[in-house]
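Engineer: no sequence on this one, just coordinates:
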């Protein structure tokens, strides 16, 4: 039995130097469809050809190629984080909230590979 309840979504987050150019490339070359650009958050998201799997583009001045971070959707990030921390899972910092958009929390596997939890806030009543 798993410690935390995951929903049926996963986002693979990568760092890029220009989200808009990268989004065009992924659309033109791989057929991924733009879901949104969040310019104030430095984030863009595209739907891949696989149901429930999106590609997140985090804009950084100096991107880190090859550093992909799986982001697991959860219905309640506070409960999921508490359950994982109770099981000895290490988290990095506080849960980050972008109001009306998403809450995220970074955690690590035993080899220090970064993973994230994310709760979609865009569909919740404000």
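Structural biologist: Sure thing, it's come through. Please read these numbers as outputs of a predicted model, since none were measured by experiment.
Engineer: can you tell me what sits against stretch 39-49?
Structural biologist: Residues outside stretch 39-49 that contact it (Cβ atoms under 8 Å, 6 or more residues apart in numbering) are 11, 19-20, 22-23, 26-27, 30-38, 54-60, 98, 101. In short, each C-beta sits where N, CA and C put it, glycine included.
Engineer: now do that stretch: distance to the chain's middle.
Structural biologist: Mean-position distance between stretch 39-49 and its chain equals 10 Å (Cα atoms, centre = their mean, to the nearest Å).
Engineer: state the mean pLDDT of that stretch.
Structural biologist: Average pLDDT, stretch 39-49: 94.
Engineer: what residues of that stretch count as buried?
Structural biologist: Residues 43, 44, 45, 46, 48 are the ones in stretch 39-49 that count as buried (16 or more other Cβ atoms under 10 Å).
Engineer: residue 85: which of these is nearest?
Structural biologist: Distance to residue 85, by Cβ to Cβ, is smallest for residue 43 among the buried residues of stretch 39-49, at 25.3 Å.
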